[in-house]
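Engineer: sequence and predicted model, in that order:
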Amino acid sequence: MNKEKVSPNKSAYTPEDHDKIKRITDWLSADDSRTAAELSRLSAIKEGTRSSILNASYISSPTKFLDRMLGAIERQEERDRSGKADIPFTQTSVALAMRAVCGRAHNDKDFGIFLGRVGTGKTTALREYTNNTPTAVLIEAFEGIDHSTFMDELIDATGVTVSRGTAASKMAKLINALRATDKVILVDEANWLPKRSFGALRRISDVAEVGVVLVGTPDLLPMVQDPNGRFGQISSRIGFWPAVVQTITEKDCQALVNSYFSDPVDEATLKAFWSCCEGSARTLRNLLRNTYRSASKNKTEVSASLVKRINTQTMAGRGGFVAGRV
């Protein structure tokens, strides 16, 4: 493990700075799994800078960097005290439907579409399919993405070597590289894509003979639904198009709760989680974290009354989840 050795005091260092260095190095030494490199990442400080600071050889005042490292340590310790960070991947109805859409588009080499309200677990399900499918290429679009950026991301994700050239020549090289590869292109947040990117995906799918899956919110629906609309040429190519996912199911909620906790959860508590999350996997995740944190801190059992109290205390500002609201 990479530990730091403190050298003699330097003029830029105050006694308080040296005390902070000792606190940091003591924290690193207390657990063999902790590394100075990881501390650099957590505090967003370059490794060379971090090393010179902890070795007391930094020529300027190190105070702001030391405070940043200590802040990162405090946040990490809070995460450790809070225990479970996230829900392990669970085969919900959303995950199963996503796998079906991706698998069909992959096998048939056509388009698939998956639409769901925010917070239903689309991205988690899509990433899981990608992680278990070596030939899957995942692109995560975002608000404001332009066609050039999308194509660059697609080229990078597919591992295609494309030198400088026109957009048309890059497209031709990408298509040639994808032919006979059994790839499937998965686009998350596809509702943010510009018109040209939809046209490019259609061309890639047709010529390279690869499947494409578009995943997004219902905002994507009018873009591909009308055969005579903006992207009608894609509508006719969609081979699998399940109904819009409005919420997770109660069975999904129970599976997610039981995946999160190591001990069985009683029926009343499961009902409380379902009632409070109101069909949102994202809301459920936050409620699980807050409930676990409270139970661990106060050394109490996870119960229906605790779930409802935590929901009132920590999630009151959220307002009611309404199925159909994006």
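Structural biologist: Cool, the structure landed. Remember, predicted model here, so these are calculated numbers, not experimental data. Numbering: from 1, shown residues only.

Engineer: is Gln76 in contact with Arg41, as I believe?
Structural biologist: No: Gln76 sits out of contact with Arg41 when judged by C-beta atoms under 8 Å, with a separation of 10.8 Å. In this view, the C-beta of every residue, glycine as well, is placed from N, C-alpha and C.

Engineer: tell me the SS of Gly103?
Structural biologist: Here Gly103 is helix, with the state taken from DSSP: H, G, I helix; E, B strand; the rest coil.

Engineer: output the below-cut-off pLDDT ranges for the protein.
Structural biologist: The model of the chain has pLDDT under 70 over residues 1-10, 81-85, 163, 226-233, 236, 316-326.

Engineer: quick one, strands of this structure?
Structural biologist: For the chain, applying DSSP state E gives strands covering 111-115, 136-140, 184-188, 211-216, 238-240.

Engineer: between Gln76 and Arg41, which one's more packed in?
Structural biologist: Gln76 (16 against 12; other C-beta atoms under 10 Å).

Engineer: the more buried one and Arg104, how far apart?
Structural biologist: Counting by C-beta to C-beta, to the nearest Å, the gap from Gln76 to Arg104 is 42 Å.

Engineer: next: Glu140.
Structural biologist: 21 Å.

Engineer: buried sites along the lengthiest helix in the chain?
Structural biologist: Criterion DSSP state H: the longest helix present in the chain is helix 63-82. Neighbour counts over helix 63-82 (16 or more other C-beta atoms under 10 Å) mark 65-66, 68-69, 72-73, 76 as buried.

Engineer: ok, residues contacting it?
Structural biologist: Here helix 63-82 makes contact (C-beta atoms under 8 Å, 6 or more residues apart in numbering) with 14, 16-17, 20-21, 23-24, 27, 39, 42-45, 49-50, 53, 58, 85, 289, 292-293, 296-297.

Engineer: go again with 6 Å.
Structural biologist: By C-beta atoms under 6 Å, 6 or more residues apart in numbering, the residues outside helix 63-82 that reach it are 17, 20, 24, 27, 42-43, 45, 53, 293.

Engineer: and the residues you listed as JSON lines, adding neighbour count and distance to Val224?
Structural biologist: Formatted as JSON lines, these follow (neighbours: other C-beta atoms under 10 Å; distance: C-beta to C-beta, whole Å):
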{"residue": "Asp17", "neighbour count": "21", "distance to Val224": "59"}
{"residue": "Lys20", "neighbour count": "21", "distance to Val224": "56"}
{"residue": "Ile24", "neighbour count": "23", "distance to Val224": "53"}
{"residue": "Trp27", "neighbour count": "17", "distance to Val224": "52"}
{"residue": "Leu42", "neighbour count": "15", "distance to Val224": "42"}
{"residue": "Ser43", "neighbour count": "20", "distance to Val224": "44"}
{"residue": "Ile45", "neighbour count": "18", "distance to Val224": "45"}
{"residue": "Ile53", "neighbour count": "24", "distance to Val224": "53"}
{"residue": "Arg293", "neighbour count": "17", "distance to Val224": "42"}
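
Engineer: nearest to Glu209 among the residues you listed?
Structural biologist: Checking the contacts of helix 63-82 against Glu209 by C-beta to C-beta gives Leu42 as the nearest, at 44.6 Å.
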